[in-house]
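Asker: Got a sequence here, can you model it:
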Amino acid sequence: MISKIPTPESFFGFVPGTDRKMIRWDRLCEYYDTLNSLSDRMAIEEAGLSSEENRFIFIYVSSPENIKNLEKYREISEKLADPEGLSEDEISALCDEGKAVCMQQYGLHSNEVGGPQMVPIMLHELVAGESEKIKRILDNVIFIIAPCSEPDGEILFTDYYNKHLGTEYEGTVSPFLRHNWAGHSNNRDGVREIVRESQHINDVLVRRWHPQVFQDHHHQCPWEDRMTIAPNTDPYFDPICPLVIREAGLYGAYMAQALSTAGRKGVVTGGDFFDGFNISSYSEFAKIHNTTGMLTENADVSIATPVTIGKELLSGCYLKPSVHCPDPWEGGEWHLSDIVDQMHIASVALLEYLSMHRRETLACMAQKAKLQTERGKNSADKFYIIPPDQHDRSAAEVLLKLLHKQGIKMYASTEMFRAGSAYFPKGTVVVPAAQPKYAAVMAYLHKNPYAVIPSRLRPDGSQRISDSANVSFALCMGVEVLTCGEDIDKAILEKFLPDDRVECIMSPFGYDGTRDNITLPLSACENLSYKHANLLLASGKKLFRNEAGDFTENEGTSVRRSRIGLLKKSATWNEEEGFTRSLLKMYSFDFRILLDKDIRENGVPQDIDVVIIPGDDDGSLSAGDVRNMKMPIEFHSGLGSAGAAALQKFVNGGGRLVAWEKTCSYVNRIFGLGINIPNCSRAELSTNGSVLKGEIKADKLTRGMPKKFNLTHNDGPMLLPTDRNGAVQVIARLDGEKPFVNGYVRGEDRLCGTPCVLRAARGEGEIILYSFNPEFRNQNDSTFKLLFNALYEE
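Answerer: Predicted structure coming up:
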């Protein structure tokens, strides 16, 4: 049968990675199906569909005998990930019997095409190869391949590239988001699983297989080092098991050795590029689950068109031999085939190492679980308590379901109990720190300030941070979590699953998925109330809002959903628009997309009540994306003067304009609001996605909000009104004494007491401005209501 297995070249008509050749996802799947029909060394799992209803698969590769017994080895992997109750002899027997499980992911960012184009070459080598190395890998390793984790974008980018091949637009940046709405930040969604693809990935990574090793393959800019591999630089999230960090260094060194042996230059290990603190990206997210997660970054090309990089463009690279990069690359031509080759070498080298150290890898997994449990047992905070009296119980329910999906052990009290000086009622959820997923518990429930590293300081004194500085998801969600440093009697605790719907997280409305079972009134404090109200309003039911903002049968003022227009640039590079679109869909708001070119040419449609402009640069909103010159005319974006005039006419005529973060500067300018927006350097002020504390005043916009609330501030502007005639109202301010809650902020004193939500009257309409993003990656549940309240007409 092996002789009948077609090579990628014979199947596609060229070697994947050939200049100016791209293979579409459906054609790649045809190859995988063909190999699957001819080889007993692989199995394809249909995980489901992607966000845009395309096929999403995983490929399992191992020896024929292992493939027949995948469920057996999955159960062994699961037991070693949490060996509670097993004796040392039982653990040892599982290590003798089990197989190392390695998961590698390709194409999570659809413009990074090297991985999906490489997989056919690697897969053919594994299912048709007869070398001793390949046989050893197959006998000792179960390799789980995510061959394309963003198939929708792969199709989009392949079609766009092929359409413009041979034209002036060949290899230019695509005008589309990499994921339909999450864009690049689909690699920040593993922690929340809002994106459908994330749910598929986590199903394998954290719920079923618990691989010992995970590697995520990406691209970086063409003028950076040829390849960056594990380990990351400091700081890392220190609740992660030390053995995970050691393993990442070990695997990285082995892959680097294989790459150097093959003649690949410019490969960096442990370079000063990505820190490992924020655990939202998949390579770091895996680590909080005791899976040794790693990242490769490969220097890019122009999709499949080669580039030439002169040495003068490599100023940020290792140009002299270093312990991190002993064989630098000095510039020259760079091809898609180079990316494919080095990604192939690294992927197989990792498998080779695991095949030679199968038993040690499995034993280390069990040891990681025990070590993390012991760390939790000895920590100052031994338990995390989620009391039932939450301001927003629906947000608490979301958190508890999320913890359950992440495999975190939780318990519910069967009676009232005392912890420290406080008493908690029956149904209180208790999460012990002493469990294998100690690091995950800390990431979701503990406050973890960013670790400042002197070596990561810029010349101006500001800190280089690879992503958001906040790691504490309960803070973003507005869920109260208390800590306890004393033991809690296990006799009063029973295992808790959110599906049990115990009293502590029962929604105040017994909703089972049908409109007929939504019970009024709906509390304005609950995010989920807004979804339920929208469903009722869409069905034709008449609703009212009382003074507290609750949705009622007949008390208060009649209310309807606003007809919302969400601004989208013709060349879409704004993830905030995508995430806003996702949130509005999630909560059943009535909206449609307004392209900037349509507003520029035709104005704002008359049947629109609210226009939302998510955070974006002033110049990009007004004059268009700087990449316009590299895109076909139909994708040229920008509102221009005509678009600005249309927005002014819309607001003056009674419309409502909602905007946040960078867009505030644009709105302030075109409407002449007189808001002072200081132009601070990052050395003077930087918030880096940190959690800050705000305070509200009583207003329709703040209905359902607590007096003090948490918000995610990602270097948004300071908004300092200078209008003393009351045309600009302050609706919420940052805390006047200490706004910082978690993450890393430079220049906190500048922020104390400054406005963070403003309302400005203009003509018959109004403008709502936020200095922060109220929906930040759909993860900041605590501020959703500040946006939702602006989306109703009374």
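Asker: can you list the weak-confidence ranges in the stretch 451-600 of the chain?
Answerer: 498-516, 572 (pLDDT under 70).
Asker: please redo it, this time with the cut-off set to 50
Answerer: 500-513 (pLDDT under 50).
Asker: all strands of it, in order?
Answerer: For the stretch 451-600 of the chain, strands defined by DSSP state E, counting those that start in this stretch occupy the ranges 482-484, 493-495, 543-545, 551-552, 557-561, 564-568, 591-595.
Asker: Turn the ones you listed into JSON lines, columns for distance to Gln220 and mean neighbour count.
Answerer: For every residue, glycine as well, the C-beta is placed using N, CA and C. What follows is the strands of the stretch 451-600 of the chain, written out as JSON lines (distance: least, CB to CB, whole Å; neighbours: other CB atoms under 10 Å):
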{"stretch": "strand 482-484", "distance to Gln220": "39", "mean neighbour count": "17"}
{"stretch": "strand 493-495", "distance to Gln220": "44", "mean neighbour count": "14"}
{"stretch": "strand 543-545", "distance to Gln220": "50", "mean neighbour count": "21"}
{"stretch": "strand 551-552", "distance to Gln220": "48", "mean neighbour count": "22"}
{"stretch": "strand 557-561", "distance to Gln220": "43", "mean neighbour count": "15"}
{"stretch": "strand 564-568", "distance to Gln220": "28", "mean neighbour count": "22"}
{"stretch": "strand 591-595", "distance to Gln220": "31", "mean neighbour count": "15"}
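Asker: what's the nearest residue to the residue nearest the centre of the chain if we skip its chain neighbours?
Answerer: Residue closest to the average C-alpha location in the chain (CA atoms, centre = their mean): Arg188, at 1.4 Å. Excluding the flanking residues, the one nearest Arg188 by CB to CB, 6 or more residues apart in numbering is Ser280, at 4.1 Å.
Asker: Over to Pro425?
Answerer: Going by CB to CB, 6+ apart, Pro425 has Met416 as its nearest residue, at 5.4 Å.
Asker: does the one you found really touch Pro388, like I thought?
Answerer: No: in this structure Met416 lies outside contact range of Pro388 using CB atoms under 8 Å: 11.4 Å.
Asker: Now for the two: what residues contact both?
Answerer: Taking CB atoms under 8 Å, 6 or more residues apart in numbering as the contact rule, Met416 and Pro388 both touch Pro425.
Asker: Between those two, which is the more surrounded one?
Answerer: The residue with more neighbours, out of Met416 and Pro388, is Pro388; 19 against 12, by other CB atoms under 10 Å.
Asker: how close does that one sit to Ser413?
Answerer: 10 Å (CB to CB, to the nearest Å).
Asker: okay, and the common contacts of those two?
Answerer: 425, 427-428.
Asker: which residue ranges form the helices in the stretch 651-794 of the chain?
Answerer: 663-671, 748-751, 784-788 (DSSP state H, counting those that start in this stretch).
Asker: buried sites along the first one?
Answerer: By that I understand helix 663-671. For helix 663-671, burial by neighbour count (16 or more other CB atoms under 10 Å) applies to 663-668, 670-671.
Asker: Quick one: mean pLDDT for it?
Answerer: In this model, helix 663-671 has an average pLDDT of 97.
Asker: Likewise for stretch 619-633?
Answerer: Mean predicted confidence for stretch 619-633 is 74.
Asker: repeat for stretch 101-119
Answerer: In the prediction, stretch 101-119 has an average pLDDT of 98.
Asker: now stretch 740-755
Answerer: 97.
Asker: residues touching the residue nearest to Tyr587 when sequence neighbours are not counted, list them.
Answerer: Of all residues beyond its chain neighbours, the one nearest Tyr587 is Lys531 (4.4 Å), with distances taken as CB to CB, 6+ apart. Contacts here follow CB under 8 Å, 6+ apart; on that basis Lys531 touches 586-588.
Asker: List just the nearest of the residues you listed to Phe788.
Answerer: For the contacts of Lys531, the residue nearest Phe788 by CB to CB is Tyr587; the value is 6.9 Å.
Asker: State the phi and psi torsions of that closest one.
Answerer: The phi/psi pair for Tyr587 (degrees, to the nearest 10) reads phi -110, psi 20.
Asker: how far away is it from Arg264?
Answerer: Per CB to CB, Tyr587 is found 48 Å from Arg264.
Asker: Leu475 and Lys382: what is the separation?
Answerer: Distance from Leu475 to Lys382, by CB to CB: 20 Å.
Asker: Show me which of the two is the more surrounded one.
Answerer: The neighbour count for Leu475 versus Lys382, taken as other CB under 10 Å, is higher for Leu475 (27 against 18).
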